[in-house]
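> A structural model of the following input is requested.
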Amino acid sequence: MTIFGIAVGVMSVVLISIISDIGKGAVNDELSSLGIGGILVTRNTKKKAVTLDQQCLAQIKDNTAVDSATPLVVNYSTVRIRDNSSECVIWGVDQNIDSIVSLNLLHGRMITRNDIETLAQVCLVDENYAMQHYQRSNIVGKKLQMLLGGSYQSFEIIGVIQTGGNMMQSLMGNVVTCFTYAPYSTMQVTSKETSFGQIM
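Okay, the predicted model is just below:
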């Protein structure tokens, strides 16, 4: 009985250790997919003369220690679809966003370089948002209105991503009803911004 008790005790410690390692690995994977494994560059708001622009982005991309970099223009605003309004986080990103943040595309396509260059008014929405308003996940081709720069702008939905595909959505999903991703260049023009908020 004593030997059996010791064996059970040792096995419990080993199992707890294994579960702990698996949990730690899962958390690290999520943090890496969110971009926390990298660097978020933000301008010093106390120095108005300092901005993050294309030159800054190019310098960061040219650094041999950097695998990829994407500008971020973030706006928390109202989005309307089918006469329903929701408070939404609108992320202005470029074509490299899915290599930095884990976005699982379910329908349609991702934002492309052409969308960035042509200031296309296109966006990605998450699956829960699509289900909430259309009772189906594939709403590619539908239009929504974003409140940017003081007026509503029409955007075409070109893709639907999995809800909770990254930790950011999982953590904020109960507070923010929708996440929308649009070309950063379009966000700059419609929001009357001349620089990036951040570079990730």
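
> Quick one: end-to-end length of stretch 138-147, please.
23 Å (Cα to Cα, to the nearest Å).

> which of the residues in it are buried?
Neighbour counts using 16 or more other Cβ atoms under 10 Å place 139-140, 142, 144, 146-147 of stretch 138-147 among the buried residues. (Glycine included, C-beta is placed from N, CA and C.)

> In stretch 82-100, which residues are buried?
Under 16+ other Cβ under 10 Å, the buried positions of stretch 82-100 are 86, 88-94, 96-98, 100.

> List just the nearest of these to Arg113.
Distances from Arg113 to the buried residues of stretch 82-100, taken as Cβ to Cβ, are shortest for Asp94 (7.8 Å).

> Quote the end-to-end distance of stretch 183-200.
End to end - Cα to Cα - stretch 183-200 spans 15 Å.

> Report the buried residues of it.
For stretch 183-200, by 16+ other Cβ under 10 Å, it's 183-191, 193, 196-197, 199-200.

> Tell me which other helices or strands the host helix or strand of Ile158 touches.
Element membership for Ile158, per DSSP states H and E: strand 151-161. Strand 151-161 sits against strand 105-108, strand 122-126, helix 127-134, strand 143-148, strand 178-183, with contacts defined as 3 or more Cβ pairs under 8 Å, 6 or more residues apart in numbering; DSSP states H and E.

> again, 6 Å this time
Packing partners of strand 151-161 (3 or more Cβ pairs under 6 Å, 6 or more residues apart in numbering; DSSP states H and E): strand 105-108, strand 122-126, strand 143-148.

> what lines up beside it in the sheet?
strand 105-108 (antiparallel), strand 122-126 (parallel), strand 143-148 (antiparallel) (DSSP bridges).

> mind checking which of those strands is nearest Thr42?
Nearest to Thr42 among these is strand 143-148 (21.1 Å), distances taken as Cβ to Cβ.

> so how far is that closest one off the chain centroid?
18 Å (Cα atoms, centre = their mean, to the nearest Å).

> unless I'm mixing things up, Asn128 is touching Thr163, no?
Yes - judged on Cβ atoms under 6 Å, Asn128 makes contact with Thr163 at a distance of 4.1 Å.

> At the geometric centre of the chain, which residue do we find?
Val101 (6.0 Å; Cα atoms, centre = their mean).

> Need the phi and psi values for that one.
Here is the backbone geometry of Val101 (degrees, to the nearest 10): phi -110, psi 140.

> hang on, the earlier thing: and the buried residues of stretch 138-147, which two are the farthest apart?
Val140 and Leu147 (22.5 Å).

> can you pull the contacts of the closest residue to Leu148 other than its chain neighbours?
Taking Cβ to Cβ, 6 or more residues apart in numbering, and ignoring the residues beside it in sequence, Leu148 has Thr190 as its nearest neighbour in space, at 4.1 Å. By Cβ atoms under 6 Å, 6 or more residues apart in numbering, Thr190 lies in contact with 148-149, 153.

> Now the buried members of those.
Applying 16+ other Cβ under 10 Å to these flags 148, 153 as buried.

> Poorly predicted segments of the chain, please.
Scanning the chain with the threshold set as pLDDT under 70 gives 1-37, 45, 47-49, 164-177.
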